[in-house]
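>>> Any chance you could fold what I've pasted below:
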Amino acid sequence: MRPKIEAFGLSDIGHVRKKNEDVFKILEEHLLFSVADGMGGHRAGDIAALHATTHINNLLAKTLLTTVSIDQIINLINLAIKEANFRVFNLSRSNRDYSGMGTTLCFLHLNSSHAIFAHVGDSRVYHYQKNSFIQLTKDHSLINKLIDQNKNCDKKTCKNIITKAIGTYPKIEPSIDTIPYEIGDIFLMTTDGLTDYISNDHIKKIIEFSKSPRILCENLIKEAKNNGSSDNITALAVKIIE
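Now for the predicted structure:
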């Protein structure tokens, strides 16, 4: 049975950037949600983010219509992200103005019982359920890679250095997983312009006093800006109604 949801996304250019390279897409009729953060300091990050999200959603809106099992869904999402990566990579090589562009990506799809989520880079997916709050994705970042290898890393040096991105290499391996959901659950998708400036504990508190996905996104972006975020800021929230 198809879940009934309430979804809302909001993006803000922030205090410093001259343009917004974040992109979010909500295809509510297909229960597809995506957030991308065009890579700062690279040419045409906004183009990479737009192409990646558009291509993935267009592919999956067609192929998921006849898909039944979670394994099939995971496989299709994996293939769609890989194809989008290859397209962005080729586009960056075919146009000098796009040379070196790339983007992070986080992605969410809801079937009748589970959320299937994927990511590349450090854009995140969270899950709020019955007063618990879990970060579902683990940043593809240098600091996490060194921690996994039991190596020391200066946080100031390693901060915001990502180890995977869409479009920077011809091949990519996205991280994909699933989690069951219940009525009242909230899934939150964000870029690092938000999560670098609001702790997970504080995000949880903001969720608890925000009455709707719209108010939640507005409150989160307002808080990130109040905390001095120097990046573009994006939040997308999906609440399971029934």
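>>> next helix or strand past the helix or strand of the chain with the lowest mean pLDDT?
Counting by mean pLDDT, DSSP states H and E, the chain has its least confident helix or strand at helix 155-158, which shows a mean of 62. Next in sequence after helix 155-158, counting helices and strands by DSSP states H and E, comes strand 175-180.
>>> Neighbouring strands of that following strand in the sheet, and parallel or not?
strand 114-120 (antiparallel) (DSSP bridges).
>>> Can you show me the helices along the protein?
Per DSSP state H, the chain carries helices over the ranges 45-63, 70-94, 142-148, 155-158, 192-195, 200-209, 213-226.
>>> hey, which of those is tucked in deepest?
Among these, ranked by average contacts under mean count of other C-beta atoms under 10 Å, first place goes to helix 192-195 (a mean of 26). To be clear about C-beta, it is placed using only N, CA and C from the backbone, and glycine gets the same treatment.
>>> mean pLDDT lowest for which of the helices of the chain?
Least confidently modelled of these is helix 155-158, at a mean of 62 by mean pLDDT.
>>> wait, what's in contact with the spatially most central residue of the chain?
Nearest to the geometric centre of the chain sits C106, at 2.6 Å (C-alpha atoms, centre = their mean). Applying C-beta atoms under 8 Å, 6 or more residues apart in numbering to C106 gives the contacts 34-36, 117-120, 123-125, 137, 189-190.
>>> Return the member of those nearest to R2.
Proximity of the contacts of C106 to R2 (C-beta to C-beta) peaks at F117, which lies at 18.1 Å.
>>> got the contacts of C106 as TSV, with distance to I215, pLDDT and neighbour count columns?
Below are those laid out as TSV (distance: C-beta to C-beta, whole Å; pLDDT from 0 to 100; neighbours: other C-beta atoms under 10 Å):
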residue	distance to I215	pLDDT	neighbour count
S34	22	98	28
V35	18	98	29
A36	24	98	34
F117	23	98	25
A118	27	98	23
H119	25	98	26
V120	29	97	30
S123	22	97	30
R124	20	97	24
V125	20	98	25
T137	24	97	21
M189	16	98	26
T190	16	98	31
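>>> Just name the closest of those residues to K19, please.
Of the contacts of C106, the one sitting nearest to K19 (C-beta to C-beta) turns out to be A36, at 14.4 Å.
>>> partners of that closest one in the sheet?
According to DSSP bridges, beta-bridge pairing links A36 with V23, L105.
>>> hang on, it packs against T104?
Yes. Using C-beta atoms under 8 Å, A36 is in contact with T104, at 6.2 Å.
>>> Touching both of the two, which residues are there?
By C-beta under 8 Å, 6+ apart, the residues touching both A36 and T104 are S123, I166.
>>> quick one: contacts of stretch 209-219?
6-10, 186, 188, 206-207, 235-239.
>>> what about K4, how many residues close to it?
10 (other C-beta atoms under 10 Å).
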